[in-house]
Structures are given as structure tokens and as C-alpha cells.
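1. Dropping a prediction and its sequence here:
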Amino acid sequence: MSTSASIADALSGIRTRIAASARAAGRNPSSVDLVAVSKFHPQSSVIAALEAGQRLFGENRVQEAVAKFPDLRTRWPDLRLHIIGGLQTNKAAEAVRIADMIESLDRPSLSDAIARGADKAGRLPGLLVQVNTGDETQKSGIRLEDADRFIEDSLTRFGPSVRGLMCIPPHDQDPTPHFRLLADMATRHGLPVVSMGMSADFEQAIACGATLVRVGSAIFGARPAHPC
């Protein structure tokens, strides 16, 4: 498990690399936000990151996010939480209740569940449409051939709450073409947020236009074998 000092050092290093990558791409470093992916890591690691100035976090599992984050908002009211993993419809209402953004909107049934949850909670978080840029059958995300129509339908239904797009390229391919595809798609639909790039490739993603990068192991270390 990472220590508080090592988490702080890692965050500083990642922020430096983000800024350098943005400048190399002719972009303002403030145009890229870091999502610290804390999945499977204990609340103590989240607290260490908060104490080091990090405020934006990503969790894959709603139940894990519920266990870690609500009580932290009392001390850090500017904390922001993104749900970044594939979201089951029966978890959508809870995700709507606790998240500032859901990055994994990818099918009509989930749209329905999010809408029901928003009606019940009286709030709607920001939404990103997850696009399966590699059309991988085992991976979440709307298929490429359906993406444009689904994005349009989502904008019609949720309006400006649909903030942008997210992707996870195939792990065995060069991610750059996938990053470019997603950035171009976001531009085509007038969407400002592009969430792409992880620990191994976030610098490539920034060069292609990422506005959110999701970094976990490079901050918190290797994931524990089991969720904490």
C-alpha cells in the first residue's frame, strides 16, 4: 500500500507530466483535469491524495464509492466524484445520488435508469457517453456504428448534462487512433469534455485533446488483489 508521502510525490509527478504534455501540444495545462482513480484502494489513500491537494476522484463500483466518499465531503466540500466503470441499471439511482459525473452512459436502458434516478433524487450529475472505439464485445461502451445516434438521443433527453465522451482503447493496440477518433467525435457533437488516457498512455491522450485523464496505479500503486 502506498504511503501518504509516496502518494503526494506521485501526484506531483503526474501533474508535472500533464502540464508538460499540454504545453507540448500547444494547450494550456489548466485545460486538462486529473481524475485520480482510487478503485480498490482504501479510504486512507483517498485522504492522502486529498491532503496533497487532489480533489477529483474516479471509482468503478458504486458500492465502493458509497463506502468511501460521502463522509469525506464534510471535510473537503469541493471533492468531486466520477463513476467511471460500467454501470448496472440497478446501481444507476445510487450513482445519480452520489456522483458529480457518470462517465459510462452507454445504452438506452441505462439512460432510462438514470432518468428515473434523477427524478427521484432531484438532481442529475454530468454525463459522458462511453464509446467502444475498438468495438470489443467484452467491453462496455456504445458501439461505433450506434454512437452518433446515441449521442444525439442523449443530448435530446438530458440536454447540457451530457458533457462529453469517454473511451478505453483496446489494450493491445496503439491508443492514438482511438483517442483521435473520440476527440473528433466530441468536436462533431459540440461536446467539451473528452475523457481518455490512463497511467500508461495519458500523455498520448493529452496530445490528442483529452480534457480528463484517469490515472490510478501511477498514483496509488498496484491495485490490491481484493477491494478494500
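-> Here it is on my side, so go on. This structure is a prediction, so every number in the text was calculated from the model and none was measured.

2. Counting by contacts, list what the longest strand seen in the chain packs against.
-> When the chain is parsed with DSSP state E, its longest strand is strand 126-132. Applying 3 or more Cβ pairs under 8 Å, 6 or more residues apart in numbering; DSSP states H and E, one finds that strand 126-132 contacts strand 101-105, strand 142-143, helix 144-158, strand 162-166, strand 193-195. Quick note: C-beta positions are derived from backbone N, CA and C, even for glycine.

3. how about low-confidence regions in this structure?
-> Per-residue confidence for the chain (pLDDT under 70) gives these ranges: 1-2, 225-228.

4. Name every strand pairing with the longest strand of the chain and say which way it goes.
-> strand 101-105 (parallel), strand 142-143 (parallel), strand 162-166 (parallel) (DSSP bridges).

5. JSON lines for those strands, including mean neighbour count?
-> Shown next, in JSON lines, are the strands paired with strand 126-132 (neighbours: other Cβ atoms under 10 Å):
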{"stretch": "strand 101-105", "mean neighbour count": "26"}
{"stretch": "strand 142-143", "mean neighbour count": "18"}
{"stretch": "strand 162-166", "mean neighbour count": "25"}
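
6. quick one: which of those strands is nearest R23?
-> strand 162-166 (22.3 Å; Cβ to Cβ).

7. any idea how far the closest one is from the chain center?
-> 10 Å (Cα atoms, centre = their mean, to the nearest Å).

8. List the buried residues of the lengthiest helix in the chain.
-> Secondary structure of the chain per DSSP state H: the longest helix is helix 4-24. With burial defined by 16 or more other Cβ atoms under 10 Å, the residues of helix 4-24 counted as buried are 7-8, 10-11, 14-15, 17-19, 21-22.

9. got it, and stretch 56-63?
-> Buried-residue list, stretch 56-63, by 16+ other Cβ under 10 Å: 56-62.
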